[in-house]
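Chemist: everything below, folded, please.
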Amino acid sequence: MPMSRQKVERTVWVSQHTLEVVLSHSKLRLSFLEEGLVRCRYVTSPVFENIPTYGVAPEYRAAPPQLQAEDRGEFLQVRTPRLSLHIRKADSGLEFYDADGVCLCADADGFGHRLNERTGDDFVWVQKEMPPEAHFFGLGDKPGKLNLRGRRLEMWGADHYKFTPQSDPLYKSIPFFLCLNEGRQYGIFFDNTMRSYFDFGKERDDRLLFGADGGVMDYYFILGATALETVSLYTRLTGLPPMPPLWTLGYHQSKWSYYPEQVVNDLAAEFRKRRIPCDAIHLDIHHMKRYQALTWDRTHFPDPPGMIRRLGEQGFKVVCIVDPGIKINPNNYVWKSGFERNIFCRRHDGALLRGTVWPGECNFPDFTSEDTRQWWAGLFHRQVAEYGVRGIWTDMNEPVMFPDKTFPDDTRHAFDGFSCSHLKAHNVYGQCMAKATRQGMEQAAPQRRPFVLSRSGFAGLQRWAATWTGDNDSDWENLQMANLMIQRLSASGVSFCGADTGGFLGHPTPELFCRWMQMAAFHVFFRNHNNGEFGGQEPWCFGAEVEGLVREAIEARYRLLPYLYTQFHRYHADGTPVIRSLALMLHENTDMYWRSTEFFLGDALYVIPVHYKGQAEQKLFVPPGTWYCYHTDNRVPVSNAEFVTPVVRTHIPVLVKGGCVVPRWPVQQYVGELPVPPCTLDLWWAPDTEETSSLYEDAGDGPDAERFGAYRLHTFRYHAEARSMRLSAERSGSLDNGRTEFAFALHGLPRDAAPHAVCDGAELACEYDAEAHLLSTTLPANFATLEISF
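Modeler: Model (predicted):
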């Protein structure tokens, strides 16, 4: 029978920051890891086993806070500088309060469990009170509205072909959500790899429930100073992302599939002839011999290393797909070596797991085994070290077998020393594959940063791979879903994400393709990928006008690469997401909880995608501050209010925040075409304002920035009064890339301005275009202070 409402029998501090609570028929261990981070772990067995976590990063280091504990009669209270936890004695319910004494989250029936007779494990769940003002966000790649209130969702990685807003579950299982409640907020990460459930008021509109079909009730209560900081703290807990190779932030062209080699060569030549920037070409399964992993079809690709070298001379990097299914073929080294090392998954009675995917009947590596991961990593030497492949794209790793199914429940997995069935390993299978793939790339080419793209993943996916949203359709509804899913993934710790731009299935209209490309140019991962059975989807396939507009969108992306790379560095350094929804940024404003079209790209850019065919205008919310149209420099006449802007064909609405420095480069056809691109520091005038911005520079690849401090981080502080401004700069890092100067542009000055500029105490020559409201000058690369009055 279900077990809940357990009394507290006794408590004991097992360490300075860990309290164990003995309940009627279970135990609770509370670990205070930081002032805003508490781990809550329940077990129904006599002991707390040290079961591996695939979500929490091994490099995470707690910063235990000072605690104050007190017995308050009906409850025990433990306080940190940021929160207070009450443990009710009568029913062991937990109540979390902020520093102001406001209850953020309170158990209703608390922890419950019930025997699962089929598996011998327990169903586990926690039920909490859900105020009518509470709203919920996160959970990875779920489609539909950003606000999850009223929905019940599931975590069980699935290949959902042609998904809709109602489709659930999808490819990824990221059990983290954020609660926003009239300016108050918190996050919860449920660290359980089993099939899990989250009910945000669907069954009862006053109850929040989450649980799983087995495993341990192990969750982290997360409270940052702001909602954005709560997401950052979650990202630090589950793993900060490595810096990517800079070229991966460029434009990627992909299709199912580009073959034979001449098609790939012609594709590359067409990009360069038409002067459309592109950095990567992705090769889908048709580059392989009968779809067998880590092989090449020598009929279609007679000289892979030669082709890759020639493409590299033109600035293209090659990304190759690989699936986990290994065709049963004694003549194939991959299968033979895997069989000899006994790394393939087996059923409960010891028989090898067999299933059909693209190559035919396959066996499947058990990526939850360290031995398997080492074996898999070693397979990439030829592809990466000898042939020069620059990225690996892991697909079908939910995992999937035909037709539309996954491994049988009784499939056994090593689970890093805690052997289990597929029920526990399913949701981390793809992530473990991504981890092994990244390790293989690191071993094969230690002088380069790896690029891994994974369709599936669990909490902490950002440690190992970028991702995309899966097999979408070519229609306006899927464009909207792509916008929302990428905002949701970013709020779930995974900023390095994108969608199949233009749609994978079907063929977009010219207008749809143009609008999708204009939006995707502001996503962190920018790839055009489609099913070639529906026709071509390259930028020149929709007529000269669309080709020109798409070229401009891609060129705008390449100009913004130093800004985007800088925002990624902040994500790498402290977990701040690159893409941020309005609700995440303005959680004190309850009107933002149901807005989802607009999103922030870093601190300075605000993007408003076009969601509808023939759309002539867009109603948007203008955040607090001074804002300009990024494309025209026109100042937006309102702040912290709604505004209607015309929608034009040439671009989607994008705003830029006054007072923020946006570093920009000239257009390149590929990253590295200019070894040290000239950099312009663009700044938009904002009176009576203070802002902080930055520019991060390193070699764009390789380990030197991390190992030897070969980077340069410029921090800019802007302070303005009514008719003057001061921009100060500080720097860290030892990079010397030969840069001697920055171009500087100050936008939006009054037409009647007569600017006077001083840099580091010396008069500075500048030009002022009154019609364009634009001041231009040049600054030394190591300038400390710029002062302008007018």
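
Chemist: what about stretch 10-25, distance to the chain center?
Modeler: Offset of stretch 10-25 from its chain centre (C-alpha atoms, centre = their mean, to the nearest Å): 36 Å.

Chemist: what is the mean pLDDT for it?
Modeler: Average pLDDT, stretch 10-25: 94.

Chemist: quick one, what contacts the nearest residue to K435 once chain neighbours are set aside?
Modeler: Using C-beta to C-beta, 6 or more residues apart in numbering and skipping the chain neighbours, the partner closest in space to K435 is W464 (4.7 Å). C-betas here are computed from N, CA, C, even on glycine. Contact partners of W464, counting by C-beta atoms under 8 Å, 6 or more residues apart in numbering, are Q431, A434, K435, T437, R438, V452, S454, G457.

Chemist: which residue ranges of the stretch 351-500 of the chain form strands?
Modeler: For the stretch 351-500 of the chain, the strands defined by DSSP state E, counting those that start in this stretch cover 355-357, 360-363, 391-394, 412-413, 420-421, 452-454, 457-458, 467-468, 497-498.

Chemist: what's the closest of these to H773?
Modeler: With C-beta to C-beta as the criterion, H773 lies closest to strand 497-498 of the strands of the stretch 351-500 of the chain, at 34.6 Å.

Chemist: neighbour-wise, which one of the contacts of W464 leads?
Modeler: The most neighbours of any of the contacts of W464, using other C-beta atoms under 10 Å, belong to G457, which has 34 neighbours.

Chemist: wait, that residue touches A465, no?
Modeler: Yes: using C-beta atoms under 8 Å, G457 is in contact with A465, at 6.8 Å.

Chemist: need the longest strand for this structure.
Modeler: Ranked by residue count under DSSP state E, the longest strand found in the chain is strand 103-115.

Chemist: mean confidence for that one?
Modeler: 94.

Chemist: cool, and stretch 746-763?
Modeler: So the average pLDDT for stretch 746-763 ends up being 95.

Chemist: when you give positions from now on, start the count at 9
Modeler: Will do, 9 is the new start, and the previous item becomes stretch 754-771.

Chemist: how about that stretch, which residues are buried there?
Modeler: Within stretch 754-771, the residues that count as buried by 16 or more other C-beta atoms under 10 Å are L754, H755, G756, L757, A761, P763, A765, C767.

Chemist: can you check stretch 204-212 too?
Modeler: For stretch 204-212, the neighbour count (16+ other C-beta under 10 Å) marks S204, Y205, F206, D207, F208, G209 as buried.

Chemist: among these, give me the pair with the biggest separation.
Modeler: Farthest pair in the buried residues of stretch 204-212, by C-beta to C-beta: S204 and G209, 17.2 Å.

Chemist: got the contact list for A780?
Modeler: Taking C-beta under 8 Å, 6+ apart, one finds D641 in contact with A780.

Chemist: look up how far V664 lies from it.
Modeler: 15 Å (C-beta to C-beta, to the nearest Å).

Chemist: just for this protein, where's the confidence low?
Modeler: Within the chain, the stretches with pLDDT under 70 are 9-12.

Chemist: 90 - rerun?
Modeler: Low-confidence segments of the chain (pLDDT under 90): 9-14, 32-33, 53-55, 57-59, 117-118, 126, 168-169, 412, 712-716, 759.

Chemist: can you give me the helices in it?
Modeler: 235-246, 269-282, 312-321, 341-348, 378-386, 430-452, 484-498, 518-528, 552-567, 569-582, 590-593, 712-716 (DSSP state H).

Chemist: what packs against the shortest one?
Modeler: Using 3 or more C-beta pairs under 8 Å, 6 or more residues apart in numbering; DSSP states H and E as the contact criterion, the neighbours of helix 590-593 among helices and strands are strand 143-146, helix 235-246, strand 607-609.

Chemist: got the ones you listed as TSV, with mean neighbour count columns?
Modeler: Converted to TSV, the helices and strands packed on helix 590-593 look like this (neighbours: other C-beta atoms under 10 Å):
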stretch	mean neighbour count
strand 143-146	26
helix 235-246	25
strand 607-609	23
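
Chemist: list the contacts for the nearest residue to R759 once chain neighbours are set aside?
Modeler: Among residues not flanking R759 along the chain, A778 sits closest, at 4.9 Å (C-beta to C-beta, 6+ apart). For A778, the contacting residues are R759, D760, A761, by C-beta under 8 Å, 6+ apart.

Chemist: looking at those residues, spot the one nearest A385.
Modeler: For these, the closest approach to A385 (C-beta to C-beta) belongs to A761, at 59.7 Å.

Chemist: is it true that that closest one touches C774?
Modeler: No: in this structure, A761 is not within contact of C774 by C-beta under 8 Å, at 11.1 Å.

Chemist: quick check: neighbours shared by these two?
Modeler: Common contact partners of A761 and C774 (C-beta under 8 Å, 6+ apart): L783.

Chemist: and which of the buried residues of stretch 754-771 is nearest S647?
Modeler: G756 (14.1 Å).
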